[in-house]
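[1] here is my input, please return the structure:
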Amino acid sequence: MLCIWHMNTNSPKGFTLIETVVAVALIVGAVVGPLALVSQALFSAKSSKNKIVAAHLAQEGIEIVRHFRDSNILRDSTSSPVFWRGTLPDDGSIDQGCVKQAGGAPETGGIMLFELAAGYEVDVIDCRLTAYTGDPLSFDQSGGANNNLLLRPIHCSGTPCDPSMFRRKVTITDFLPGGFEDDPVSGEIIPNEQRLLVISQVFWVEKGVTRNISVQETLYNWR
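    I've put the predicted structure just below:
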């Protein structure tokens, strides 16, 4: 019997260079794509957090100035006359909370007006307005009376504090004299001399870009 053997001389082929490149590209795409999405999501979350913090700090600037206004009016109604947008004297004669504030032109009895159109830094702990210098709001690690971690505009040189990324500027602007506004509720005319425009801005740098949030509100002599 004649036996014929067929031998397969074709050996298995490996990946060609093009096939290898395509395979690597697919693997890289499958890994890098989700990682990029995760990175973008993390940045968006951090950016959103910064915006929320900045919005609260800006609103706090408005509320501090509002407290000055309220304190002045309460002082005027219970004690010696005080101009409604003036500063309370730091003489210990009253205890209405915030009693210290920078001022401009003198008023009756040594009371100081808000220095209009000037930029201020507001300190919620010491309850004062000081000239804006651009110093960051810093975490004061001294803790204060209640051992709280305080966020306030202080210099960190020689002070146990940790500067944050936020800066706050509060601008108090007068309205043009002689003008007025109609009260939307009562319909009464409110002269400009009874109004102040308060603008609170918070700045921070994010990935090399300066961002800001601005809040503004009109304060009235509400008596």
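[2] can you read off the pLDDT for Asn50?
    On pLDDT, Asn50 comes in at 91.
[3] go ahead and confirm it touches Lys207.
    No: judged on CB atoms under 8 Å, Asn50 makes no contact with Lys207 at a distance of 10.8 Å. C-beta here means a position set from N, CA and C on the backbone, and glycine is covered the same way.
[4] neighbour-wise, which of the two wins?
    Using other CB atoms under 10 Å, the more surrounded residue of Asn50 and Lys207 is Asn50, with 18 against 8.
[5] distance check, Leu196 against Tyr220.
    8 Å (CB to CB, to the nearest Å).
[6] these two: who's more crowded?
    Higher neighbour count among Leu196 and Tyr220: Leu196, with 21 against 13, using other CB under 10 Å.
[7] quick one: name whatever helix or strand follows the strand or helix carrying the more buried one.
    Taking DSSP states H and E as the criterion, Leu196 maps to strand 195-206. Using DSSP H and E, the helix or strand that follows strand 195-206 in sequence is strand 209-220.
[8] who's in contact with that following strand?
    For strand 209-220, the external contacting residues (CB atoms under 8 Å, 6 or more residues apart in numbering) are 50-51, 54-55, 58-59, 61-62, 65-66, 69, 85, 190, 194-205.
[9] how about a cut-off of 6 Å?
    For strand 209-220, the external contacting residues (CB atoms under 6 Å, 6 or more residues apart in numbering) are 54-55, 58-59, 62, 69, 194-204.
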